[in-house]
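Asker: just to be clear, the model below is a prediction. Sequence and coordinates:
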Amino acid sequence: MVKAAFVGFGEVNTPKEIIIEKCKRAQAGLISEGMELISVYPVTDDYEERDIKSCINSLRGKDFDVLVLCIAGWIPTHAVVKVAEHFREKPMVLWGLCGWIEGDRLVTTADQAGTSALRKTFFDLGYDFKYVYDIIGLPSRTSKVYNYALAATAAAKLRHARCGMAGYRDMNLYGTLYDGGSLKRVVGPEIETFEMLELKQRYDKITEEEKQAVIDECMSKWKFLKPANPESMKMAAGYYLAVKAIADERGYDAISLKDVDGMKKLLGFPPAPIFMLLSDEAGLCTVPENDSLGSVTQLMVKYLTGQCAFYLEFYEFFEDRVLAGVPDYVPAEVTDGGVTVMPAAFGELSEGILNVSRVKPGKVTLCRLTQIDGEYFMHLAVGEGISPRKWEEAGWTQPAPQLPGLEILLEDVEDFTDKVMCQHYIVSYGDNSEKIINLCDMLGIRVI
């Protein structure tokens, strides 16, 4: 739930009933978007400043992530600033309502006189704010207010989010590394590493009954193209319970595991089904290969969209599209027709349970957080995901599996590939660019 303080302003000489009615409609629009409001209106510029003092007292100590300053008519700048200054650490929305048509004439309370007097003042005062104004004859821009408020809520969650990571720097990759200090300062999450030894020790304490319960209650939902080794099923269930126990104890919102050089090489078990269970049953963001900033990007997208924010990696680039897929798993949420799995092995690695589900087509947003010379950037693109042609990755046991993936049509592939930041990108359905841009602006992250 997006929590906001809603303050409606109008000049003391404007008929109070008009300001109240306009604020009521604006408030109702935000509630219909899904916002939880602490509302105070009308606040005027009365000489004794009774309204201003009452508003400040009503909001002081309350729990909210964003301050919506709703300008329902002309209001001298000082009246708004005297309220805003008490909450200057909060992101704000400067929202100007509009007039209306009455018979053959336009009637206005000079809302945009108020907002135009305030916009540069807010900028000069260093407020973190979004400027939104309504237009006569068009729907109220409540969605823009909501999207910015949503970003404020996401930013607040990120400040205290925790990502758990078993091991570090899988395959000695560079693109999955991170700088802990700057990540905490700019974005907020803490990435905590736990050893694979602890994971193995936890696994060894899982009982056969506990493993079987996961198989019966969770893995039985999957469609198996061929029967899997019963021991593989038990290992998946056991390691899932071991990771989940760590995540539950430490409050992790996201998990990454050392995949190739850890789970596969040292423990002899490809972790695809573990990730599936962590995502589908425990509701955690998951990405393989110790992808630090991939994990953080997932949290950003999940907090903004409510989606699982799954990862895809690039296999081929074409003139008008990219082929993006995964060599292991996708969450059940993004499958088209349910979770489909099969036993398979890649190269010299042990046989595991491979997810071969079809991925839902549709409009998608691709994004990736990265750091360049101490500054954070978000690479962002919107495309159309379509079901891919028949394809395979060389090295799988024959007949090779059709890996989960999409061919994603992009407006300018070369522009995208010129800026590509990693093999892993985080995907969500729909055009979520406005929400992501709002959050990045709030955090001081440049969008490219």
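Answerer: Yes, it's here. Residues are numbered from 1 along each chain as shown.

Asker: can you get me a residue count around Ile56?
Answerer: 18 (other CB atoms under 10 Å). (Each C-beta comes from the backbone N, C-alpha and C, glycine too.)

Asker: where does pLDDT dip in this structure?
Answerer: Across the chain, the ranges flagged by pLDDT under 70 are 346-350.

Asker: tell me the domain ranges of it?
Answerer: 2-158, 162-447 (automatic domain parsing).

Asker: can you give me how far the first one is from the chain middle?
Answerer: For domain 2-158, the gap between its own C-alpha mean and the chain's C-alpha mean amounts to 26 Å (CA atoms, centre = their mean, to the nearest Å).

Asker: that one spans what distance, first to last residue?
Answerer: From its first residue to its last, domain 2-158 covers 14 Å (CA to CA, to the nearest Å).

Asker: give me the longest helix you can find in this protein.
Answerer: Of all segments of type helix in the chain, defined using DSSP state H, the longest is helix 230-250.

Asker: for the stretch 301-448 of the chain, just list every one of the strands.
Answerer: Secondary structure of the stretch 301-448 of the chain, counting by DSSP state E, counting those that start in this stretch: strands at 310-317, 321-325, 340-344, 352-355, 362-372, 375-386, 405-409, 424-429, 446-447.

Asker: among these, which is the most enclosed?
Answerer: strand 352-355 (a mean of 26; mean count of other CB atoms under 10 Å).

Asker: helices and strands around that one, which ones?
Answerer: The contact analysis (3 or more CB pairs under 8 Å, 6 or more residues apart in numbering; DSSP states H and E) places strand 352-355 against helix 230-250, helix 272-280, strand 340-344.

Asker: in its sheet, what does the shortest one sit against?
Answerer: Right, the one you point to is strand 340-344. strand 223-224 (parallel), strand 352-355 (antiparallel) (DSSP bridges).

Asker: which residues in the stretch 1-150 of the chain form helices?
Answerer: Using DSSP state H, counting those that start in this stretch, the helices of the stretch 1-150 of the chain run over 16-33, 50-59, 77-84, 111-124, 142-158.

Asker: returning to what we had before: CSV please, covering the strands paired with strand 340-344 and showing distance to Leu277.
Answerer: Below are the strands paired with strand 340-344 laid out as CSV (distance: least, CB to CB, whole Å):
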stretch, distance to Leu277
strand 223-224, 15
strand 352-355, 11
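
Asker: can you say which of the ones you listed is nearest to Glu49?
Answerer: strand 352-355 (62.4 Å; CB to CB).

Asker: pull the contacting residues for the closest residue to Ser279 other than its chain neighbours.
Answerer: Excluding the flanking residues, the one nearest Ser279 by CB to CB, 6 or more residues apart in numbering is Pro331, at 4.2 Å. Shown in contact with Pro331 (CB atoms under 8 Å, 6 or more residues apart in numbering): 276, 279-280, 286, 308, 310.

Asker: one more time with 6 Å
Answerer: Applying CB atoms under 6 Å, 6 or more residues apart in numbering to Pro331 gives the contacts 279-280, 308, 310.

Asker: please enumerate residues in contact with the strand or helix carrying Leu197?
Answerer: For Leu197, the element it lies in under DSSP states H and E is helix 196-204. Residues outside helix 196-204 that contact it (CB under 6 Å, 6+ apart): 166-167, 238-239, 242, 245, 262.

Asker: residues contacting Met276?
Answerer: Neighbours of Met276 in contact, by CB under 6 Å, 6+ apart: Tyr329.

Asker: ok, it to Arg321 distance?
Answerer: For Met276, the distance to Arg321 (CB to CB, to the nearest Å) stands at 27 Å.

Asker: circling back to that earlier point, quick check: next helix or strand after the helix holding Leu197?
Answerer: helix 208-217.

Asker: count of neighbours near the nearest residue to Ile206 once chain neighbours are set aside?
Answerer: Nearest residue to Ile206 in three dimensions, chain neighbours excluded: Gly238, at 4.3 Å (CB to CB, 6+ apart). Number of residues near Gly238 (other CB under 10 Å) recorded here: 22.

Asker: so what's Gly238 up against?
Answerer: Per CB under 6 Å, 6+ apart, neighbours of Gly238: 203, 206, 211.

Asker: okay, which residue is most central for this protein?
Answerer: Val301 (1.6 Å; CA atoms, centre = their mean).

Asker: measure the closest residue to that residue other than its chain neighbours to Lys265 for me?
Answerer: Distances taken as CB to CB, 6+ apart place Ala309 nearest to Val301, at 3.9 Å, with adjacent residues excluded. Distance, Ala309 to Lys265, using CB to CB: 28 Å.

Asker: which of those two has more neighbours?
Answerer: Neighbour count, other CB under 10 Å: between Ala309 and Lys265, Ala309 has more, with 30 against 15.

Asker: for Gln307, what are its contacts?
Answerer: Per CB under 6 Å, 6+ apart, neighbours of Gln307: Ser428.

Asker: repeat that for 10 Å
Answerer: By CB atoms under 10 Å, 6 or more residues apart in numbering, the residues touching Gln307 are 298, 301, 331, 333-334, 365, 426-430, 432.

Asker: do I have it right that Gly325 meets Gly385?
Answerer: No: with contacts counted by CB atoms under 10 Å, Gly325 stays clear of Gly385, the gap being 11.2 Å.

Asker: got any residues that touch both of the two?
Answerer: Here Gly325 and Gly385 have 312, 359, 405-407 as joint contacts, going by CB under 10 Å, 6+ apart.

Asker: including distance to Ala113, could these go into JSON lines?
Answerer: Converted to JSON lines, the shared contacts of Gly325 and Gly385 look like this (distance: CB to CB, whole Å):
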{"residue": "Leu312", "distance to Ala113": "49"}
{"residue": "Val359", "distance to Ala113": "51"}
{"residue": "Gly405", "distance to Ala113": "54"}
{"residue": "Leu406", "distance to Ala113": "49"}
{"residue": "Glu407", "distance to Ala113": "51"}
